[in-house]
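Participant: Give me coordinates for this.
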Amino acid sequence: MFPAVSLLTTLLLALSIAASPVEIRNSPITLPIARRLNTAGGTVNLLQHDQSRVTALKAFGRDSLGRRTGSIPVTNDAVDYIASVGIGNPATTYNLIVVNSCSITCVDATTYVKTSTSVDTGKAIAVTYGFGSLSGTEYTDTVTLGSELTIIQQPIVVASTSTGFTGVDGVLCIGPLDLGEVQADPPTTIPTVTDNLYSQGIISQIVVGISFEPTTLESDTNGELTFGGTDTTKYTGAIAYTPLTTTYPSSYYWGINESIAYGTTTILSETAGIINTGTTLILIATNAFSLYQSATGATLDDTTGLLRITSTQYSALENLNFNVGSSTYALTPNGQIWPRSLNTYIGGSTSYIYLIVNDIGTPSGEGLDFINGYTFLERFYTVLDTTNSQVGFATTAYTNATTN
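Facilitator: All right, here's what the predicted structure looks like:
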């Protein structure tokens, strides 16, 4: 298990895109994922964690390859999605954070069990994620996802030192591939597990479908990754796709263009941002956040750093509309609030209502002006399509849920 060092713990018919990922009904190519609210270090400051990640993500996009040896601010994990992944033969099961803003899967050296399939390549590798950093040695090994997907000779990093991880055995990274360029000796690009599933003929497209569901529990297996296509049992209607943005630095990740309106009032004109499973909140440019706060009448809560509203204000909340291409995704009032049963875990009061939309920390025009985090993704099925350079969204049975 990684040492308890301080840490934190990606869409829409744009134009006419003919290529669509394969739809898989009741797919065996799936991996369950569990949400974990990490309170090991006490109450969770969601905003601090997410803004720390924003700083790191923007730094990665700005800097050269050498960025992966730099330092970033880190805090303890807040909300993670965890997958149980087998490594080796016979396989040892590891609990890995699922992240779509990195490419290099790693496991902690203190928990890594070498088997006959474990091969030390001799390459020393240093990696910085959006929430921590590590250094160690590259190995190739057999990696098993769920009960059906087995990848042979998958490169992983066995980390001898790390910062920013707590309570987990490592990280399962699902791209983009460009993030697999690391400082190593010699320099190398490490393929993601999805890329190797494709290159080894196990899946026909480099596509990952992501299903999250709202939950009011501290820990809950409420998510699923589908490799090589989409799972039609997890969404309603059709998936609409949009091309990846060309605006930097969002183009470095799973970036798209969108505008956001509160009700009928635009608060963020079309701009670039990213879809990120490693971010809890929905973060928007400072100028858009100010308009949102004013429109909702919310008060900034000093304890949690979140916006706080009264029951009367909640009753008056309007949809927050995410306009991507020709599609609009309406985040309902209930989707805009933190689960009230979990208020105390974030240092809040049981009598308050907290909003999950917050300030990214910089004004619009920076090239990364929003992050649609898991509180958005748990309401909309998401497809990360490397093959066709696009992202897709669809409504789900939980889009209009009132569980929060």
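Participant: For the top strand by length along the chain, list the C-alpha coordinates in CSV.
Facilitator: The longest strand of the chain (DSSP state E) is strand 149-163. Extracted C-alpha coordinates of strand 149-163, given in CSV (Å, rounded to 0.1, in the frame of the first residue of the first chain):
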residue,chain,number,x,y,z
LEU,A,149,-9.4,-9.5,-20.1
THR,A,150,-5.8,-10.6,-19.9
ILE,A,151,-2.9,-8.5,-21.2
ILE,A,152,0.5,-10.0,-21.6
GLN,A,153,3.7,-8.1,-21.2
GLN,A,154,2.0,-4.9,-20.1
PRO,A,155,4.5,-2.3,-19.0
ILE,A,156,4.0,-1.0,-15.5
VAL,A,157,6.0,1.0,-13.1
VAL,A,158,6.9,-0.6,-9.8
ALA,A,159,7.2,2.4,-7.5
SER,A,160,9.9,2.5,-4.9
THR,A,161,9.1,6.1,-3.8
SER,A,162,5.9,8.1,-4.1
THR,A,163,4.0,11.1,-2.9
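Participant: now the farthest one out in the chain, which residue is it?
Facilitator: Among residues of the chain, the one most distant from the C-alpha centroid is S116; the distance is 33.0 Å, by Cα atoms, centre = their mean.
Participant: check which helix or strand covers that residue.
Facilitator: Under DSSP states H and E, no helix or strand contains S116.
Participant: what does T312 give?
Facilitator: Following DSSP H and E, one finds T312 within helix 311-315.
Participant: Now do that helix: which elements does it pack against?
Facilitator: In terms of contacts (3 or more Cβ pairs under 8 Å, 6 or more residues apart in numbering; DSSP states H and E), helix 311-315 is packed against strand 353-354. The C-beta positions use only the backbone N, C-alpha and C, and glycine is treated the same way.
Participant: sorry, back to before: which parts of the longest strand of the chain are buried?
Facilitator: Of the residues in strand 149-163, 149-151, 154-159, 162-163 count as buried by neighbour count, 16 or more other Cβ atoms under 10 Å.
Participant: Please apply the same query to stretch 208-218.
Facilitator: 208-215.
Participant: Touching, Q48 and L306? I think so.
Facilitator: No - the criterion here is Cβ atoms under 8 Å, and Q48 misses it with L306 at 10.8 Å.
Participant: Do a quick rundown of the strands in the stretch 51-200 of the chain.
Facilitator: Along the stretch 51-200 of the chain, counting by DSSP state E, counting those that start in this stretch, strands occupy 79-87, 92-99, 106-108, 119-128, 133-145, 149-163, 170-173, 181-184, 188-189.
Participant: Take these and write them to CSV, including mean pLDDT.
Facilitator: Putting the strands of the stretch 51-200 of the chain into CSV (pLDDT from 0 to 100) gives the following:
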stretch, mean pLDDT
strand 79-87, 85
strand 92-99, 90
strand 106-108, 94
strand 119-128, 88
strand 133-145, 93
strand 149-163, 92
strand 170-173, 90
strand 181-184, 54
strand 188-189, 70
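Participant: Secondary structure element holding the nearest residue to A288 once chain neighbours are set aside?
Facilitator: The shortest distance from A288 to any non-neighbouring residue, by Cβ to Cβ, 6 or more residues apart in numbering, is to L268 (3.8 Å). Using DSSP H and E, L268 maps to strand 265-275.
Participant: Can you list the neighbours in contact with that strand?
Facilitator: Identification of contacts with strand 265-275 by Cβ atoms under 8 Å, 6 or more residues apart in numbering yields 10-11, 57, 100-101, 245, 247, 250-251, 253-261, 284-285, 287-288, 291-292, 295, 323, 364-365, 367-372, 377, 382, 384, 391.
Participant: hang on, the earlier thing: for the longest strand of the chain, which strands pair with it and how are they oriented?
Facilitator: Each strand paired with strand 149-163, and its direction, by DSSP bridges: strand 106-108 (parallel), strand 133-145 (antiparallel).
Participant: Could you pull up the residues touching the residue nearest the centre of the chain?
Facilitator: Geometric centre of the chain, nearest residue: T277, 1.1 Å, by Cα atoms, centre = their mean. Contact analysis of T277 by Cβ under 8 Å, 6+ apart lists 10, 81, 98-101, 210, 373-374, 377.
Participant: and what of G237?
Facilitator: 394-395.
Participant: Use 722 as the first number for this chain going forward.
Facilitator: That works, and once the first residue is 722, the last one we named lands at G958.
Participant: So it versus T1116, what's the distance?
Facilitator: 6 Å (Cβ to Cβ, to the nearest Å).
Participant: Now find how far off-centre the helix or strand just after the strand holding L989 is within its chain.
Facilitator: For strand 986-996, the succeeding helix or strand toward the C-terminus, using DSSP H and E, is strand 1003-1005. How far strand 1003-1005 lies from its chain's middle: 13 Å, per Cα atoms, centre = their mean, to the nearest Å.
Participant: What pairs with strand 1003-1005, parallel or antiparallel?
Facilitator: Strand 1003-1005 pairs in its sheet with strand 1078-1080 (parallel), strand 1091-1093 (antiparallel), by DSSP bridges.
Participant: which residues sit against the last one?
Facilitator: What it means is strand 1091-1093. 731, 771, 775, 778, 979, 981, 989, 992, 994-997, 1000, 1002-1006, 1009, 1043, 1081.
Participant: Could you find the closest non-adjacent residue to Y1035?
Facilitator: Nearest one to Y1035, counting by Cβ to Cβ, 6+ apart, is I1074 at 5.2 Å.
Participant: ok, the one you found touching I1030?
Facilitator: Yes - at 5.1 Å, I1074 counts as touching I1030 under the criterion of Cβ under 8 Å.
Participant: Mind listing the shared neighbours of the two?
Facilitator: I1058.
Participant: So which of the buried residues of stretch 929-939 is the closest to N1125?
Facilitator: Using Cβ to Cβ, P935 comes nearest to N1125 of those, at 6.5 Å.
Participant: show me the contacts for the closest one.
Facilitator: Per Cβ under 8 Å, 6+ apart, neighbours of P935: 943, 1056, 1060, 1099-1100, 1119, 1122, 1124-1125.
Participant: how about low-confidence regions in the stretch 722-871 of the chain?
Facilitator: 722-750, 756-764, 781-800, 850-853 (pLDDT under 70).
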